[in-house]
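Asks: my questions are about this predicted structure, shown below with the sequence.
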Amino acid sequence: NALSTLGHKKFDPFLRHILNIENISDEQVKSTLFWDTVRMAMVLDRKVNCSWGDVRLKREHDDWASEITETLLDVKNRDLRLGEIYGEFEKFSGYELLKTTREMVKEGMVNRHCVASYISKVDQGLCGIFRIEGHTLEAVRERNDTAFYTLRMLQFQGFKNEPAPKELKEKVLDAIARFNTKCKEDH
């Protein structure tokens, strides 16, 4: 069940920012929206209530995303520390990799979502953020059975976190698959 899943040590840093954890559902544990909101709660020193309905969770997510994005507007622009694989995928696909904090903030403002809160994830090499036809892609690297990395689409959202159109998503998934095949052949 959902509560036993959260008993794992990897969730310890999140738990102090979650209220009414006994009410957490399997859907919440699997929800990107839920975990994005928890991440932002950590940044803002707030709490996410597992008793909130979907509408309240989305409202808090969007409000907190705006608050973080507005705060980051005042931060000096700098280059992000990008994982090498993301630059390789940019060259392979032609998709625009966001490379500065200002680009991340602007993307969050234009699409009214929380991508600006991903700056630390990008700096740690955990993901790369791409702008594709007005939508935002979060790609993550995964280590294969061998010693090389491949990419996986984690999120692909548009304005206010609307999912990217099916045709565009399929086009991007195809580019990722072709890139991964090339990585495998090169190693």
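Replies: Cool, got the structure.
Asks: show me the helices in the protein, by range?
Replies: 2-5, 12-15, 26-30, 32-44, 54-73, 84-93, 101-111, 119-123, 166-186 (DSSP state H).
Asks: closest to Arg141 out of those?
Replies: Arg141 lies closest to helix 84-93 among these, at 5.1 Å (C-beta to C-beta). From N, CA and C alone the C-beta is placed, and that goes for glycine too.
Asks: elements contacting the closest one?
Replies: With contacts taken as 3 or more C-beta pairs under 8 Å, 6 or more residues apart in numbering; DSSP states H and E, helix 84-93 sits against strand 96-97, strand 128-132, strand 135-143, strand 149-157, helix 166-186.
Asks: closest to Arg81 out of these?
Replies: Using C-beta to C-beta and comparing the helices and strands packed on helix 84-93, the one that lies nearest Arg81 is strand 128-132, at 11.3 Å.
Asks: center of the chain, which residue is that?
Replies: Taking C-alpha atoms, centre = their mean, the centroid of the chain lies closest to Glu138, which sits 5.3 Å from it.
Asks: per-residue pLDDT of that residue, please?
Replies: What the model reports as pLDDT for Glu138 is 97.
Asks: Asn144 now?
Replies: pLDDT at Asn144 comes out at 69.
Asks: now swap in Leu6 and tell me
Replies: We have a pLDDT of 57 for Leu6.
Asks: check Ala2 too.
Replies: For Ala2, the predicted pLDDT is 56.
Asks: out of the helices and strands packed on helix 84-93, indicate the one that is most buried.
Replies: Of all the helices and strands packed on helix 84-93, strand 128-132 has the most neighbours on average by mean count of other C-beta atoms under 10 Å, namely a mean of 23.
Asks: list the helices and strands that strand packs on?
Replies: Against strand 128-132 (3+ C-beta pairs under 8 Å, 6+ apart) you get helix 84-93, strand 96-97, helix 101-111, strand 135-143.
Asks: residues in contact with the closest residue to Gly125 other than its chain neighbours?
Replies: Leaving out its chain neighbours, the residue that sits closest to Gly125 by C-beta to C-beta, 6 or more residues apart in numbering is Gly83, at 3.8 Å. Taking C-beta atoms under 8 Å, 6 or more residues apart in numbering, we find Gly83 in contact with 125-126, 128, 141.
Asks: check Asp123 too.
Replies: Here Asp123 is in contact with 80-81 (C-beta under 8 Å, 6+ apart).
Asks: with distance to Ile132 added, can I get the helices of the chain in CSV?
Replies: Shown next, in CSV, are the helices of the chain (distance: least, C-beta to C-beta, whole Å):
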stretch, distance to Ile132
helix 2-5, 32
helix 12-15, 30
helix 26-30, 25
helix 32-44, 18
helix 54-73, 20
helix 84-93, 9
helix 101-111, 11
helix 119-123, 16
helix 166-186, 6
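Asks: now tabulate the helices and strands packed on strand 128-132 in a markdown table and tack on distance to Ala41.
Replies: Listed next are those as a markdown table, based on distance: least, C-beta to C-beta, whole Å:
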| stretch | distance to Ala41 |
| --- | --- |
| helix 84-93 | 27 |
| strand 96-97 | 28 |
| helix 101-111 | 17 |
| strand 135-143 | 19 |
